[in-house]
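# no sequence for this one, just the structure:
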């Protein structure tokens, strides 16, 4: 296995490094709106966008993805309010790489994980970004980590 670039190893746990690119872009855009509202004297709008900027920044800092080879599960934490979701390897179905384009320009690429819970297929977001290649590298590293546990691309 090559050197991991997207994960940090902590014992038999692999923690995905923070992905600030897309979240930082959204936080900066909302901060720009807050400053614009202040510039034009719209103080209520400025307060609203300032609060949204802080909440979005905290949400970006809270996101995490963990692969625990000892317990044989994934732990995904998205947002501020949502509790961490634990997905057993046996419940994992597949990954989905979703690309959103506007007029031939890619505006968002997200990596989602599908799993079975209570006899129902569900999905949860793992990462977002602007480049398909970066999400593909993330998927490849996840499969490399799972191969360490004796899985051959399928769980």
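Arrived safely. Computed from a prediction, not measured in an experiment: that's the story for all the values here.

# Number of residues surrounding residue 133?
Neighbourhood size, residue 133 [other Cβ atoms under 10 Å]: 9. No exception for glycine: its C-beta is placed from N, CA and C like everyone else's.

# So the most far-flung residue of the chain relative to its centre, which state does it fall into?
Distance from the C-alpha centroid of the chain peaks at residue 41, with 35.9 Å (Cα atoms, centre = their mean). Under DSSP: H, G, I helix; E, B strand; the rest coil, residue 41 falls in the coil class.

# How about residue 126?
Here residue 126 is strand, with the state taken from three-state DSSP.

# residues in contact with stretch 11-31?
Defining contact as Cβ atoms under 8 Å, 6 or more residues apart in numbering, one finds that stretch 11-31 is touched by 4, 6-8, 49-50, 52-53, 56-57, 59-61, 63-70, 108, 126-130, 138, 145.

# Could I get the buried residue list for that stretch?
Neighbour-count burial for stretch 11-31, counted by 16 or more other Cβ atoms under 10 Å, picks out 13-14, 16, 19, 22-23, 26-27, 30-31.

# And for stretch 70-84?
Buried positions in stretch 70-84, judged by neighbour count with 16+ other Cβ under 10 Å: 73-76, 78.

# what's in contact with that stretch?
11-13, 55, 58-59, 62-68, 85-90, 92, 113, 124-126, 149.

# Could you work out the end-to-end span of that stretch for me?
18 Å (Cα to Cα, to the nearest Å).

# Average pLDDT for it, rounded please.
Predicted confidence along stretch 70-84 averages 90 (mean pLDDT).

# Which of the contacts of stretch 70-84 are buried, as a PyMOL select command?
Those of the contacts of stretch 70-84 that count as buried under 16+ other Cβ under 10 Å are selected in PyMOL with:
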select buried, resi 13+59+63+65+66+67+68+85+87+89+92+113+124+125+126
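
# can you give me how far the strand ranked longest in the chain is from the chain middle?
Scanning the chain for the longest strand, with DSSP state E as the assignment, gives strand 105-117. Mean-position distance between strand 105-117 and its chain equals 9 Å (Cα atoms, centre = their mean, to the nearest Å).

# what comes into contact with it?
By Cβ under 8 Å, 6+ apart, strand 105-117 touches 22, 74, 76, 87, 91-101, 121-132, 134-135, 138-139.
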